[in-house]
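Asker: Have a look at this prediction, sequence included:
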Amino acid sequence: MKYKMTAVILAGGKNSRMKREKAFLKINRILLLEHTINILKPLFKEIIIVTAKNEIKEKFSDYKIVKDEFCGCGPLAGIHVALKNSKFNEIMVFACDMPNLNPNLINSEVEKYRNLDKAVQAFVPKHIEGIEPLHAIYSKSVLNDIETNLLSGKYSVRSFYNKINIKYWEIDDKFVCNFININSQEDLEIIKQKLKLDLI
């Protein structure tokens with residue numbers, strides 16, 4: 001059974017360090033964005049892709065696509081517009097450049113969130129290397145706090161955390177590899193070797 005929650009894929013980044021579109025990298029001969037969709041589609045009743053890029057909109061026109069209302073403000077603006085357009089009360093956010101997403105870990109995160117007090121507004125994984133704001137669950141109740149920060153020029157995803165009822169999920173260090181993302185060509189080569197992935 002699919003979760004009554006929206007999976008959000010943020011695909012609006014400038015790729016300034018990568019020098020090419022990360023969503024169109026290939027993993028096992030499949031576009032990375034398509035690979036991500038294939039993982040999320042069996043788990044969630046709705047998928048939203050956040051992007052203003054025509055090449056992504058054309059390639060993935062079967063999916064709900066929205067673009068930032070606050071342009072050039074990073075992932076926080078993507079979370080903002082996804083919350084506004086989600087048909088469910090919660091969204092789970094993912095970056096488009098995470099080649100090693102683990103569906104079992106995603107399932108566990110959603111199930112643990114569903115067992116929390118209803119007052120919890122965000123559920124964020126935490127491990128030895130830090131927290132994962134782009135593998136996290138957010139409630140529509142945080143929308144006003146995010147918009148306030150965007151209007152005041154505070155663009156860090158974490159910038160509104162001190163205003164809300166947030167719960168961190170302490171996870172085993174063995175899962176750190178499931179949060180890895182690709183920021184540069186050097187990252188790509190390291191990840192290919194470390195995770196033994198067919199990634200180009």
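Answerer: Noted; the coordinates are in hand. Keep in mind it's a predicted model, so treat the numbers as computed, not measured.
Asker: Could you measure from Lys196 over to Ile182?
Answerer: From Lys196 across to Ile182, the span is 15 Å (CB to CB, to the nearest Å). Every C-beta, even on glycine, is put in place using the N, C-alpha and C of the backbone.
Asker: Mind checking which of those two has more residues around it?
Answerer: Each of Lys196 and Ile182 has its neighbours counted (other CB atoms under 10 Å); Ile182 has more, 24 against 8.
Asker: count of neighbours near the closest residue to the more buried one other than its chain neighbours?
Answerer: Distance criterion CB to CB, 6 or more residues apart in numbering; nearest residue to Ile182, sequence neighbours excluded, is Asp97 at 4.5 Å. Look at Asp97: counted by other CB under 10 Å, it has 24 neighbours.
Asker: got it, and Phe70?
Answerer: Phe70 has 17 nearby residues by other CB under 10 Å.
Asker: Do a quick rundown of the helices in the protein.
Answerer: Counting by DSSP state H, the segments of the chain that form helices are 32-40, 54-59, 75-85, 103-114, 143-151, 185-195.
Asker: my read: Ile137 touches Val110, true?
Answerer: Yes - using CB atoms under 8 Å, Ile137 is in contact with Val110, at 7.1 Å.
Asker: Identify the contacts common to these two.
Answerer: Common contact partners of Ile137 and Val110 (CB atoms under 8 Å, 6 or more residues apart in numbering): Met5, Met92.
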